[in-house]
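Engineer: sequence plus the predicted model coming up.
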Amino acid sequence: MKINKKTIFGFLVLVLIIPANLNAGITGVGKKHKKPTEQQKYRQADLFAQSIIEREKANFEEALKLMDQSLDIIPTDAAANYEKARLLLQMGRKDEALVYSETAIENDNTNKWYKVLHARIAKEIGDLDVYLKDYELLVAEYPNDINFIQELAFAYYYTKDFENAIKYFNRMEEILGMNESLTMQKADLYHSLGKDDKAFEEYDKLIKYNPNDSKYYAMYAEYATKIKDIDKAIWAYQKVLELNPDDQFAHISLADFYREKKQYDKSYEELKKGMANKDLDINTKINILVSYYKGELSEEQKKQALEISEIIKEVHPDEPIANTFNASMLYENKNYEDARKIFAEIVKSDGSNYATWEQLLFCSLYLEDYDRLIKDSEKALEYFTSYPLPWFFAGISYAQKKEYDKAIKKLEKGKDFVVNNNPLLEQFYSSMGDAYNQMGNKTACYNAFDKSLEINPKNTIVLNNYAYYLSLDKKNLDKAADMAGKAVELDPYNNNNLDTYAWVLFQQQKYEEALNWIKKAYQNGGDTSGVVNEHYGDILFKLGKKEEALTYWKKAKTMKDYSDMLDKKIKDQRYYE
């Protein structure tokens, strides 16, 4: 720290004057010392001044050395003992500091600042009884010093004497007048004493002091909230709204309380009013809503969240997050068409948010709009080349369009971007297996299915498809039967699984067993499937039940998904591969 020469000079003059006055304050307590000479007085004052200067420059060790030399000359100098105590406190040597502050007081008990320092050190070393005693003496000596009264109130608080703490906070209030901070401190103390009725009286006094100020009712409400007195809190927030209808948080708080009382309709109405407040910022609103609508939402909650999102969008028309939130709520309510429109506008203006792209893609997936899904997936990949999901969506969309070559290229490339997401990688391999099968590449198909099952051996879709494709090829029928049987075990009421198992048994020429399982497929929704009815007829034919077989073949003809040979079977009344 740079020291101004004029300051030093003035300070030295002051210090040279101090010793004469200081010596007058020496009481002669303890060991008697020889009266210093005039030369010693000036030397002591010089060392004292140099010590203060070094302390201001943060040269604490040098400052302490000089102060010790000063005290060697006049050990009973109260000011020097006081300054040494301050210096030791700065250096963290609190126990020593306390001793020197006591010596300062012994040699001059008229200086209040010596006593203040002593109390401060006692407090810092945790001797709260000494801290309390010091301020009791200071307040007795200076009964109107507001700082001393406040410290005494805190000293009683720290020593758990809450009644006396309240007494001196009241004394402060007599001097300063009604004060919010004092009211809150006294209310908390009354709460600690189990006297919440007295705490409310303190807030009542504050309200009476200014009955038209809504913030005092808000303070009352906050205290009521703290002690979980919901009825009082509701009353207070209603008063807040009477005085200030535009209060940012009153409606939100009321919504919380009504929800706690399980009055959900009232809670929702208050929440909507809170969300309609233009002064409450949108980020706060979204954070509040997250606490209301989290986890698995009921259909009613989804509708509520959508209505609130529309309120927020109306109140904050220029906030992008309002559009995003509204689109997300449309999505949650399965209004994928309208949600997609908003998501599309968002990515058009700013394509850098991947989460928005993902929701856009899912909208088209659920709408089964594969042309649009291809288009948006390809666009998303321009921004997020290393993100696997757009590759996956593009791949399965091309497969739906029967463009299997393009599908395989997307899926093969996209799988390499999957990191720490086995369920997604499993889906990549599963979809690749189906696409390769359509391309007639059985080896690649089965390899892809094997990799999918390595990740998840219980994937019933892969188990079913793998088994069915093997049965059509009449290869590895034992393996096919094991997989089909496992799929049925895992999902016993799925008519596709039951049909596949029946068909594998049929290919193994186990016709009686096949009949048992095709009946189960038929009974579990397969009665409306052309495939199941045709297979039912095929099995019956092999069992010599030609008339029954013809009945099921004709029934299959009225449905979808029958084989190219069905007409010939019906015409010739016989089974064809």
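Structural biologist: Received it, and whenever you're ready, just let me know what you need.

Engineer: now do the strands in this structure.
Structural biologist: For the chain, strands defined by DSSP state E do not occur.

Engineer: how does it divide up, domain by domain?
Structural biologist: Domain assignment of the chain by automatic domain parsing yields the ranges 1-126, 457-577.

Engineer: nearest to S386, out of these?
Structural biologist: Comparison of the domains of the chain against S386 by CB to CB identifies domain 457-577 as nearest, at 25.8 Å. Any C-beta I mention is one placed from the backbone N, CA and C, and that applies to glycine too.

Engineer: now the end-to-end length of that closest one.
Structural biologist: Using CA to CA, to the nearest Å, one end of domain 457-577 lies 31 Å from the other.

Engineer: so what's the gap between it and the chain middle?
Structural biologist: Once both centres are worked out by CA atoms, centre = their mean, to the nearest Å, domain 457-577 turns out to sit 52 Å from its chain's centre.

Engineer: please apply the same query to stretch 195-212.
Structural biologist: For stretch 195-212, the distance to the chain centre is 36 Å (CA atoms, centre = their mean).

Engineer: name the residues of that stretch that come out as buried.
Structural biologist: D196, A199, F200, E202, Y203, L206, I207 (16 or more other CB atoms under 10 Å).

Engineer: also stretch 261-270?
Structural biologist: For stretch 261-270, using 16+ other CB under 10 Å, the buried residues are K266, S267, Y268, E270.

Engineer: now do stretch 504-512
Structural biologist: In stretch 504-512, counting by 16+ other CB under 10 Å, buried: V504, L505, F506, Q507, Q508, K510, Y511.

Engineer: of these, which belong to helices?
Structural biologist: Of the buried residues of stretch 504-512, the ones assigned to helices by DSSP state H are V504, L505, F506, Q507, Y511.

Engineer: tell me which of these is nearest to H251?
Structural biologist: Taking CB to CB as the measure, H251 lies nearest V504 of those, at 63.8 Å.

Engineer: my guess is K451 meets S430, correct?
Structural biologist: No. With contact defined as CB atoms under 8 Å, K451 does not count as touching S430 (9.2 Å).

Engineer: between the two, tell me which one has more neighbours.
Structural biologist: S430 (24 against 18; other CB atoms under 10 Å).

Engineer: from H191, how far off is the more buried one?
Structural biologist: 62 Å (CB to CB, to the nearest Å).

Engineer: and for I149?
Structural biologist: Distance from I149 to H191, by CB to CB: 22 Å.

Engineer: higher neighbour count, the two?
Structural biologist: Taking other CB under 10 Å, I149 and H191 do not tie; I149 has more neighbours (22 against 16).

Engineer: which residues touch G351?
Structural biologist: The contact partners of G351, by CB atoms under 8 Å, 6 or more residues apart in numbering, come to W357, K379, E382, Y383.

Engineer: mind listing what the second one touches?
Structural biologist: Residues in contact with K379, defined by CB under 8 Å, 6+ apart, are V347, G351.

Engineer: same check on the one 10 residues further on?
Structural biologist: L389 makes contact with E358, L361, L424, according to CB under 8 Å, 6+ apart.

Engineer: residues near the first one, how many?
Structural biologist: Read that as E358. Close neighbours of E358, defined as other CB under 10 Å, add up to 17.

Engineer: picking that back up, out of the ones in helices among the buried residues of stretch 504-512, which is nearest to D538?
Structural biologist: Out of those, the member with the shortest distance to D538 (by CB to CB) is F506, at 6.7 Å.

Engineer: wait, that closest one sits on A514?
Structural biologist: Yes. Under the criterion of CB under 8 Å, F506 makes contact with A514 at 4.3 Å.

Engineer: common neighbours of those two, please.
Structural biologist: Residues within reach of F506 and of A514 at once, by CB under 8 Å, 6+ apart, are I539.

Engineer: re the thing from before, specify which member of the ones in helices among the buried residues of stretch 504-512 is nearest to P245.
Structural biologist: V504 (72.4 Å).

Engineer: what sits against that closest one?
Structural biologist: A467, Y468, L470, S471, L477, A480, A481, A484.
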